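Student: coordinates for the following, if possible.
(chains A and B)
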Amino acid sequence: MLKISLSKIQDLFAAIAADEALYIPADHAGQPEFMRWEAGMQMADALNTVRSAKDFFFPQTENLVTFKMQGQKIDIIDPRSETEDFVVFGVRACDVRSFSILDRVFLVDPVDSYYENRRKHGTIVSMACSKPAETCFCHSFGIDAAEPEGDAVCWKTEDALYIRANTEKGEKLIEKLRPVLEEADDAPVKAQQEQTRAIQEKLPLNSFTTEKFGGDVLLKVFNSDKWASLSEACLGCGTCTFVCPTCQCYDIRDFKTGSGVQRFRCWDSCMYSDFTLMASGNPRTSQKERFRQRFMHKLVYFPANNDGIYGCVGCGRCLSKCPISMNIVKVAKCLEGEL
Amino acid sequence: MQGMMIARAKELLQDGTVNRVLGWQAGEFAYDITPAVFETAEELDAGFVYNAFCGNNLSKYLIKETKKDGKVLVFLKPCDTYSFNQLLTEHRFDREKVYAIGIPCEGKTSGEMLKAKGVSGITGIDEDGDSITVHTVYGDQGFNRSDVLEERCLTCKSKKHVAYDELIGEDGEVLDSHRFDMVAKLEAMTPDERFAFWRSQLSKCIRCNACRNVCPACSCEKCVFDNPESGIAQKAAADSFEENMFQIIRAFHVAGRCTDCGECSRA
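Tutor: Okay, the predicted model is just below:
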């Protein structure tokens, strides 16, 4: 275990940023968001950023290809280039887990080269939680907030930041940072972990579980008559899907540039009326079906296709951000009685 | 107040004046309230709440509700009644199918407001007059209501109901709300300062459409931004300025019809 005094944390950031881009959670117009570090930028203390860390690998919009037309000639321009190396620092355990869920979508055949490029060049430094909130339920998915995954993992105590490598990439990073770090006893980390786990046991969602859901109960869940009342107040906005670290649906569209076509993709939301709209119309004609789709995907379809792994990491963003406070916990609790 | 509302709702269900009640439903925690339709006395007893966290303006739901059979009872806070009238003026719902009860409001707060004060691990909340005690796994914290009010409530324009069939509690007065103080500040800025202010504020936008969908003035059947045929359907913006344009266009569209309910600022 290595450590650095919190009073010297800017030295650590400077050392990371010496030859690669560094992103840390920081204040953005009053909200915690991942921001590109510049000298002096302070790390936000917030439990989680408003947007998740998925943006680094799966950005909200990106250009896929450009077609340029000159008379009869069409140039096809591929915008892909090697991404710069970057470090995302301070990712919480829930968000770190979301990357392995996204990998199951984007890194299976056919591999999404845009995503893969960023994954290859990104190093994740996670941050253990010491003050989980009532909206947290990552433990329901076997995530330990006190011992996050990631290439390297940090624990922040009163006066120091402790850091340890988990992977080869993490070891490489720590080797680079070795001059600013010092050897440390791991007792303060162990003490914090114990405390965090004790707090988790007292949180209201401590016993929440989704284990009754999965591919085996597909029709039962799909046909439940509870969906009507659960979705009744849904506004059909995309807040839950946009702040969600595991929502990965996207739309591909063409933009007429005047001299050709810009093909881009952007996040889509199953809550929107034009989601999966096709020539024959929309297969989900009302908000009830769109609402149902989101939870079926996370609790039933995803585990059915991915070895029982749910499409949720318990970060609690949808619990905090939904303007009508309807979320996966309420849905799962309401439906589990029927299973 | 909650008890009186439930009792009156039960009477109106019982005597057949209405066949359902549009109100607020308790959630997992003390603050995550969801708008809901209650059809029986049992449902009202089990889940109906009215407290400092019932911020949702229910008037927009009347568009959907009045397309159903029978009359619906709706509870409206003073600011909600202004949206109610605006929607009525625009013929967006059927007044004949609504029984509206005006209820008093002392200003609303939210889980997000408490979190902004550093509160976490909430296990319960007690309201007693103007004092709000938040119980958390990290210990109890006490607040005055005025310390945790949402921004829209700090500049509340009226405690007076402008539309209702009956009132529960006393009606209030139109307030001198200082709601244009910020406008005056903005007007006093230089164009560059104002531009920087708006770019910073609008850079927070994640284009989730929550502000639009929660807004009672945004009641178009099909928003131009959702219509692939419009040519400006905007799931993705070309650059950060185009991103900001969504907010600017929306602001222009609702200017003159906005009744200051503040739902967009809450969302």
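Student: restricting to C-alpha, output stretch B:200-217 in PDB.
Tutor: Taking Å, rounded to 0.1, in the frame of the first residue of the first chain, the C-alpha atoms of stretch B:200-217 are listed here in PDB:
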ATOM      1  CA  SER B 200     -22.100  28.300 -17.800                       C
ATOM      2  CA  GLN B 201     -25.700  27.600 -16.700                       C
ATOM      3  CA  LEU B 202     -26.700  25.900 -19.900                       C
ATOM      4  CA  SER B 203     -23.500  23.700 -19.900                       C
ATOM      5  CA  LYS B 204     -25.100  21.700 -17.100                       C
ATOM      6  CA  CYS B 205     -27.800  20.500 -19.500                       C
ATOM      7  CA  ILE B 206     -27.700  16.800 -20.300                       C
ATOM      8  CA  ARG B 207     -30.600  17.000 -22.800                       C
ATOM      9  CA  CYS B 208     -32.700  14.600 -20.800                       C
ATOM     10  CA  ASN B 209     -35.900  16.600 -21.600                       C
ATOM     11  CA  ALA B 210     -37.000  16.500 -18.000                       C
ATOM     12  CA  CYS B 211     -37.600  20.300 -17.900                       C
ATOM     13  CA  ARG B 212     -39.700  20.100 -21.000                       C
ATOM     14  CA  ASN B 213     -41.700  17.100 -20.000                       C
ATOM     15  CA  VAL B 214     -42.500  18.300 -16.500                       C
ATOM     16  CA  CYS B 215     -43.500  21.800 -17.800                       C
ATOM     17  CA  PRO B 216     -47.300  22.500 -17.900                       C
ATOM     18  CA  ALA B 217     -46.700  25.000 -20.600                       C
END
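Student: gap between it and the chain center?
Tutor: 14 Å (C-alpha atoms, centre = their mean, to the nearest Å).
Student: what of stretch A:266-276?
Tutor: Distance, stretch centre to chain centre, for stretch A:266-276: 18 Å (C-alpha atoms, centre = their mean).
Student: again with stretch A:95-105
Tutor: 7 Å.
Student: again with stretch B:251-267
Tutor: In terms of C-alpha atoms, centre = their mean, the centre of stretch B:251-267 is found 11 Å from the chain centre.
Student: quick one: contacts of that stretch?
Tutor: By C-beta atoms under 8 Å, 6 or more residues apart in numbering or on different chains, the residues outside stretch B:251-267 that reach it are A:237, A:239, A:323, B:55-57, B:79-80, B:82-83, B:85-86, B:90, B:110, B:150-153, B:157, B:179, B:210-218. The C-beta positions use only the backbone N, C-alpha and C, and glycine is treated the same way.
Student: list only buried entries from the residues you listed.
Tutor: A:237, A:239, A:323, B:55-57, B:79-80, B:82-83, B:86, B:110, B:150, B:152-153, B:157, B:210-218 (16 or more other C-beta atoms under 10 Å in any protein chain shown).
Student: residues touching A:Q248, list them.
Tutor: A:Q248 neighbours (C-beta under 8 Å, 6+ apart): A:K54, A:F58, A:L102, A:V105, A:F106.
Student: helices of the chain, start to end?
Tutor: Going with chain A. Ranges of helices in chain A, per DSSP state H, are A:9-17, A:93-106, A:113-121, A:168-177, A:187-202, A:218-222, A:227-231, A:239-243, A:287-296, A:302-305, A:317-321, A:328-336.
Student: chain B was what I was after
Tutor: Taking DSSP H as the test, the helices found in chain B are B:2-14, B:41-47, B:61-65, B:78-89, B:111-116, B:145-148, B:151-154, B:181-188, B:191-202, B:210-214, B:240-254, B:263-266.
Student: where does the stretch 51-200 of chain A have low pLDDT?
Tutor: Along the stretch 51-200 of chain A, no part satisfies pLDDT under 70.
Student: and the residue of the stretch 201-339 of chain A closest to chain B?
Tutor: Using C-beta to the nearest C-beta, A:C266 is the residue of the stretch 201-339 of chain A that sits closest to chain B, at 3.3 Å.
Student: thought that residue was touching A:Q60?
Tutor: Yes: at 6.2 Å, A:C266 counts as touching A:Q60 under the criterion of C-beta atoms under 8 Å.
Student: coming back round to it: return the member of the contacts of A:Q248 nearest to chain B.
Tutor: Using C-beta to the nearest C-beta, these come closest to chain B at A:K54, 12.3 Å.
Student: next, count neighbours for the closest one.
Tutor: Per other C-beta atoms under 10 Å in any protein chain shown, the neighbour tally for A:K54 reads 21.
Student: gap between it and A:G316?
Tutor: 15 Å (C-beta to C-beta, to the nearest Å).
Student: which pLDDT value belongs to B:G262?
Tutor: On pLDDT, B:G262 comes in at 89.
Student: cool, A:N282 as well?
Tutor: Reading off the per-residue confidence, A:N282 sits at a pLDDT of 87.
Student: what does B:H178 give?
Tutor: pLDDT, B:H178: 85.
Student: per-residue pLDDT, the nearest residue in space to it that is not next to it in sequence?
Tutor: Of all residues not flanking B:H178 in the chain, B:T155 sits nearest, at 6.0 Å (C-beta to C-beta, 6 or more residues apart in numbering or on different chains). Listed pLDDT for B:T155 reads 91.
Student: ok, B:T155 touching B:V183?
Tutor: No: counting by C-beta under 8 Å, B:T155 does not reach B:V183; the two are 10.5 Å apart.
Student: which of the two has more residues huddled nearby?
Tutor: Shown here are B:T155 and B:V183; by other C-beta under 10 Å, B:T155 has more neighbours (18 against 9).
Student: what sits against the one residue in the stretch 1-150 of chain B that gets nearest to chain A?
Tutor: Closest residue of the stretch 1-150 of chain B to chain A, C-beta to the nearest C-beta: B:D32 (3.7 Å). Taking C-beta under 8 Å, 6+ apart, we find B:D32 in contact with A:L319, A:S325, A:N327, B:F53, B:G111.
Student: in space, what's closest to the last one - neighbours in sequence excluded?
Tutor: Meaning B:G111. Nearest residue to B:G111, sequence neighbours excluded (C-beta to C-beta, 6+ apart): B:Y31, at 4.0 Å.
Student: residues in contact with that neighbour?
Tutor: By C-beta under 8 Å, 6+ apart, the residues touching B:Y31 are A:S325, B:F53, B:T109, B:S110, B:G111, B:L114, B:I122, B:I125.
Student: and it, how far from B:A196?
Tutor: Distance from B:Y31 to B:A196, counting by C-beta to C-beta: 34 Å.
Student: ok, A:D78 next?
Tutor: Counting by C-beta to C-beta, the gap from A:D78 to B:A196 is 36 Å.
Student: what is the least confident helix or strand in chain B?
Tutor: When the helices and strands of chain B are scored by mean pLDDT, DSSP states H and E, helix B:240-254 comes last with a mean of 82.
Student: tally of neighbours for A:A17?
Tutor: The burial count for A:A17: 20, using other C-beta under 10 Å.
Student: A:P283 too?
Tutor: A:P283 has 12 neighbours, counted by other C-beta under 10 Å.
Student: do the one 10 residues further on as well
Tutor: The burial count assigned to A:Q293 is 19, neighbours taken as other C-beta under 10 Å.
Student: if we can go back for a sec, and the residue nearest to B:H178, what does it touch?
Tutor: Applying C-beta under 8 Å, 6+ apart to B:T155 gives the contacts B:S177, B:H178, B:R179, B:D181, B:M182.
Student: how's the chain carved up into domains?
Tutor: With no chain named, the answer covers chain A. Segmentation of chain A into domains, based on automatic domain parsing, reads A:2-202, A:215-336.
Student: sorry, should have said chain B
Tutor: For chain B, automatic domain parsing gives the domain ranges B:2-108+B:149-167, B:111-144, B:181-266.
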